[in-house]
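Engineer: below are the sequence and a predicted model; questions follow.
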Amino acid sequence: MPTDSKWPWRIRLGVIFALVFYATMVLVAQLYDVQMVHHERWSRKLSEQTTVPVRLSPARGEIHDRNGVPLAQNRSSFDIDLYLDELYRNFKRDNRGHVPETTIERVIRGKRHVIKQPDIVKIVEHHMRPIADSLGFELEINRYDLEEHFRTNKEIPYKFRADVDFETVAKYGESSLGMPGIDIVARPVRKYPFGALAPHILGYIGRPKVFKEHVAEDGYPYEFIGHEGIEKKMDAQLQGSPGSRILRVNYKGDIQSKEDVRRPTVGNTVKLTIDHRIQYLAEKSLRDNKVGRGAAVVVDAQNGDILAMASVPNFDPNVFIPKVKPEDWKSLSSDRTKPLMNRAVKGYPPGSTYKILIAMAGLKSGKITPATRINSPGIVYVAGHPFRDWSPSGQGNIAVHDAIRMSSNTYFYQMGVRTGIRNIAEMGRVVGFGERTGIAIDSEDPGIMPDPDWMREFHPRERWTSATTANVSIGQGYVLATPLQMALMTAAVANGGTVYQARLLDSIVNVDGETIIQVPPGRVKDELGLTPEHVEAIRKAMRAVVDNGTARRAQGTGFTGVGGKTGTAQWKGTLAGRFRVDNKAWFICFAPYDKPKYAICVMVEGGTAGGTNAAPVAREILKGVKKIEDGEDLEVAYLEPTKGHFKGSTSVSSGVQRPVIQDSGGGNSWFNRGTDSRRGSGIMMRRGFRSNRSRGEW
Amino acid sequence: MPYLVIKKLLRMDWILFLLVGAMAAASVALIYSATYTSDDESFLQASKNQLYWIPIALVIYFVLALVDYRRWLQLAWPFALIMLTLLVLVLFFGQEAQGARSWFRFGGIGIQPAEFAKLAFILMLAKFLAGFRPNRKGGIVRQIFGFGFGGFWTVLAGAIMTALPMVLIFQQPDFGSGSVFFPIALLMMFTAGVGLLYIALPVAAIYVGVLVAYHGIYLGDWHGSDYMKYRFNEAKQVRVSEPIFRTKEEAIAAGVIPDERPEDVIRAEEEARKKERAAARLRGEQPGLAQKDPVFILPVLKEYQIDRIKTFYNPNLDPKDAGWTINQSLIAIGSGGWDGAGYQQGTQNILGYLPKNVAYNDLIFSVIGEEWGFVGGSTLILAQGLVLVLCLRVGFFARDRGGMLIATGVTAMLFAHIFVNIGMTIQVVPITGIPLPFISYGGSFLVVCLAGIGLVQSVWIHRKPFDVTPDPEAASEEPARLLELEHKRKALAAQKPPRRIGVPA
């Protein structure tokens, strides 16, 4: 074998060839792994870092009244967005690289960090100060927010100021030409054009508290959801579906291009049965009569449509837009008059207005006839307990007509006992007491229609006696009814005996004007089951109440003939931290007499008497309604919210409850009425009742 | 002698030439795609510059290819001298760019001596190793598989020759270009026939290096030689990714937040600290941050290299900073999929996620991978592999050891560049600043690559003697003289005593 053969190095070259071949295959295999096997993963990362999906906020559907007048609509909100990174770089360039620095302390994952970063507050101030000065708005910078935003995600625009008005925007547009890093974005936001008009019905909107429960179609939570009233109940209908836009960003986070993938849609319009003019009248007359706490409900007597439902004190739902200020929220939620509570659907002892129900029950059961006379002295004894009339001398031997007209307690004690609680409760259930009317408002109370069964269930240690029945007969005791229920009962009496289902929601219309859902009007819930003569007797009696009874202050409405009934429920209990006497003054009425159209219930807390406090409110409403019917134009203006007060409720020296009761003769002192509990009051349970004397009832 | 030139041209390895030429031509389009969205004028000019460099490179290619490589081998020592001189000069008179003093600039043309040094080095080593006769006593088997110490002096001398340019280039500092000399030397010595022990030792060293990189640097969290400086800078600049001060006291001690305690307390503490420091110095310890937090310092590597190794094993360690390049490269290539986003459609490149200043040279394969997908990427890898194989073929059929060694050296150079460059973009090796032959932007490097191929072509063209009968008339006149000359040459060759092992002529 030749010693100088080429083969030694040829074979070693072969080894190198193998190495090269192997390395090439390694590269191809790895390339295959990256590009083919893990393609999805890298593509996802690519789109994650190069594209920013931006939501285009959908516009919320509007809420209209029965005439198509918007009660809640949308307007454009102009927000000033700052691109912090861009501002920072501009500042650095302008100042030849000199940037003020600041140290911030943060606790991140339980460890304290001292972080030095550019003083972004100063940079923003530097840019925004001249703009703010020239436009004349206060430069408010939330230092912590801004620094956190800059530290954690400076690529995302920082919403510097929300809801700038249009003039500012217009002026800004002129003054900021060529200012990179500052952008103005228009977003649709809610607007309630009449302010505090029916805020309890409309509700308000805000950011969802639990994001997971309010996810839109694009998988992100809605920015705003309804929190109360129709806004909450009809949220699914009112929400539009959000659109999406894709921003392409470069490695510095600068936006390179925009592309709209889907346009946002507008939510459906919800049409209510409310007439915004009548609602305005109700709101206005509650205000004019300086009602601190109370409610007024107007129902169409012929079909159960709720025409107005006002409650004071109230609030301006616009303060929740775009975000409720902490001090506003604090004053609303900590106000002891509870402005957020819808008093029109809360249960209160109805007092003498309940006597209408008792009369109907008595007539229906046949225990009395319109002609039956009952001797009504100043005091009667039921089950050994004394029950007093408001007038010490009584009303004498009267029939139901005068008993209603003069609101005789002793008459109804005896009549109620004679009728029996089962008949009363049955009548009450026909009218709808003790159950929700089912209108689209979540906070509605069912009220309480007590009877022995109810007593067994909720107060098993007490016994139903005829004294309990007597108490129910004048709308005291365990009885709770909401102003809305009372209005519906009034409507049933007024129209001759048909109990209609209350209707607040009229229809839902989509953005193209097509009606999606139509709630049929005039759904009959039940019939009273009284003969026309009996109904007419009660109607007549109610008319007499206004004409020459306890509600003379409801005269002069312009309607020919108004039927009404007053009521004053005694209420004692702890209210706003003090033990008070806080009577509920009621007035229910209907008009016109011949063909009743409107059934009204007014409830005033802290009133002296139904005829004094509640009847004038109803009269104002009826007067206005009459004017509207006569074709007069009613200017509906923006309403400011009312402040509640405790005027009219007498404060009793606190903490000494027992002597108070004894001093006032024990009275009909049920404590803590008006609570939401179906169970009634706890004190009641312990005490039972000792004696009954209904003072101040007429 | 045009006739001979045509003959030589005809004998050229045209497949190799066309392959390389096609890649060089494609590079212009690829560089254009990598730079056209930039707003910097120098980047926009890149593809045009590359276009100007191609003819220059081709001229040098043909000159090198058509002249007999033995002529070039004769000039190896002068070339080596020039190379070393230039490498020394560039350290003093070179232009600084991106922290490295590695350029000579004449007017508009920049030249990187380190690139040309690779070529001169190959010639030098080929010349030197050509004189080495391996293990002729042991027969062919031991020549191929011999594990002995044969050629110790050759290896030592070769190692010194390799170390000289490497050290000079490391001084610039250019770690990537410098380290290429190592595989070139290794493979050339391997084919030169030194004992396999000398090959096995470096390979074992590489293996140990990988172990250190994985178990030490990555898992053991070792740090580089400039760790203290790095730590100091970190304390000054404050990076958010890592808690720097665990307590308020530490932050106060470093002067980041002011100390609000009474002065005498501060002074007392200062005194105590001074005493402690003096005591530590007496004990022979280094007081400071490192003492609180003992770290293992690896003296040969810099902190940024340590970071690259760490992010090589786990790109998610620091994706916004140290791991940025590898992450963005993987995203670019991975999102390319089967057929890519299309020419000039690479999102990663357009939006600047692949850093603009390296996308057209060191990271060009990421751009290609994103725009041309697996089809384009694997085609390019296979084409580069084919170039290597063709070069090896030249070595296989070379006329003598010198030619073979030139072919091996050029193959090794190209192979190192290709493997490391493509490998770093797809997480086969850590990120290194090494360009891709024939494709990456860079005039010097293009010239060097084509010149290397030119040398290989020369070896191929001159692998067997030409019929020295260019002129039929002259041939007819002097056949006898030529025959006589041939006999004389053979006789001389027979008389010449064999050279000693490992001693250069």
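Structural biologist: Thanks, I have it. Note that the structure is a prediction, hence the values are computed from the model and not measured.

Engineer: rest of the way, CA atoms for contacts and neighbours
Structural biologist: Fine.

Engineer: where does pLDDT dip in chain A?
Structural biologist: A:1-4, A:96-97, A:109, A:153-156, A:166, A:169-180, A:211, A:253-254, A:651-698 (pLDDT under 70).

Engineer: contacts only, for the residue most central in space within chain B.
Structural biologist: When Cα atoms, centre = their mean is applied to chain B, the residue found nearest the centroid is residue B:180 (3.3 Å). With contact taken as Cα atoms under 8 Å, 6 or more residues apart in numbering or on different chains, residue B:180 is in contact with B:413, B:416, B:417.

Engineer: so where do the strands sit in chain B?
Structural biologist: Residue ranges of the strands in chain B, as given by DSSP state E, are B:95-97, B:100-106, B:109-111, B:223-224, B:297-298.

Engineer: can you report phi and psi for the residue of the stretch 551-698 of chain A found nearest chain B?
Structural biologist: Closest approach between the stretch 551-698 of chain A and chain B, counting by Cα to the nearest Cα: residue A:577, at 47.5 Å. Dihedral angles of residue A:577 (phi, psi; degrees, to the nearest 10) stand at phi 80, psi 0.

Engineer: any idea how far it is from residue B:311?
Structural biologist: To residue B:311, residue A:577 is 66 Å away according to Cα to Cα, to the nearest Å.

Engineer: neighbour count winner among these two?
Structural biologist: When residue A:577 and residue B:311 are compared for neighbours, residue B:311 comes out ahead with 25 against 9, by other Cα atoms under 10 Å in any protein chain shown.

Engineer: just list the residues touching that one, thanks.
Structural biologist: Contacts for residue B:311 (Cα under 8 Å, 6+ apart) come out as B:317, B:318, B:322, B:323, B:326, B:430.

Engineer: adding pLDDT and distance to residue A:128, write these out as CSV.
Structural biologist: As requested, the contacts of residue B:311 are exported to CSV (pLDDT from 0 to 100; distance: Cα to Cα, whole Å):
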residue, pLDDT, distance to residue A:128
B:317, 75, 38
B:318, 72, 35
B:322, 77, 35
B:323, 82, 36
B:326, 90, 39
B:430, 89, 46
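
Engineer: ok, of those residues, which come out buried?
Structural biologist: Buried by 16 or more other Cα atoms under 10 Å in any protein chain shown: B:322, B:323, B:326, B:430, out of these.

Engineer: just give the nearest non-adjacent residue to the first one, would you?
Structural biologist: The reference is to residue B:322. Nearest residue to residue B:322 in three dimensions, chain neighbours excluded: residue B:307, at 6.0 Å (Cα to Cα, 6 or more residues apart in numbering or on different chains).

Engineer: does that neighbour touch residue B:321 like I think?
Structural biologist: No - using Cα atoms under 8 Å, residue B:307 is not in contact with residue B:321; the gap is 9.6 Å.

Engineer: hmm, back to that, can you tell me which of the contacts of residue B:311 are in helices?
Structural biologist: Of the positions in those, residue B:326 sit in helices, assigned by DSSP state H.

Engineer: just name the closest of the contacts of residue B:311 to chain A, please.
Structural biologist: Nearest to chain A among the contacts of residue B:311 is residue B:326, at 12.2 Å by Cα to the nearest Cα.

Engineer: which single residue of the stretch 351-500 of chain B ends up nearest chain A?
Structural biologist: Closest residue of the stretch 351-500 of chain B to chain A, Cα to the nearest Cα: residue B:351 (4.4 Å).

Engineer: could you check which of residue B:307 and residue B:321 is surrounded by more residues?
Structural biologist: When residue B:307 and residue B:321 are compared for neighbours, residue B:307 comes out ahead with 22 against 12, by other Cα under 10 Å.

Engineer: quick one: the more buried one and residue B:325, what's the gap?
Structural biologist: Going from residue B:307 to residue B:325 by Cα to Cα gives 12 Å.

Engineer: got it, and residue A:228?
Structural biologist: 52 Å.

Engineer: can you confirm residue A:499 is in a strand?
Structural biologist: Yes - counting by DSSP: H, G, I helix; E, B strand; the rest coil, residue A:499 is located in a strand.

Engineer: my read is that it contacts residue A:529, right?
Structural biologist: No - judged on Cα under 8 Å, residue A:499 makes no contact with residue A:529 at a distance of 10.0 Å.

Engineer: buried residues, the host helix or strand of residue A:537. List them.
Structural biologist: Taking DSSP states H and E as the criterion, residue A:537 maps to helix A:532-548. By 16+ other Cα under 10 Å, the buried positions in helix A:532-548 come out as A:534-547.

Engineer: can you check what angle separates the helix or strand following it from helix A:532-548?
Structural biologist: Moving toward the C-terminus from helix A:532-548, the next helix or strand (DSSP H and E) is strand A:563-569. Strand A:563-569 and helix A:532-548 are oriented at 70 degrees to each other (axes from the mean of the first three to the mean of the last three Cα atoms, to 10 degrees).

Engineer: on contacts alone, who are the packing partners of strand A:563-569?
Structural biologist: Applying 3 or more Cα pairs under 8 Å, 6 or more residues apart in numbering or on different chains; DSSP states H and E, one finds that strand A:563-569 contacts helix A:532-548, strand A:584-591.
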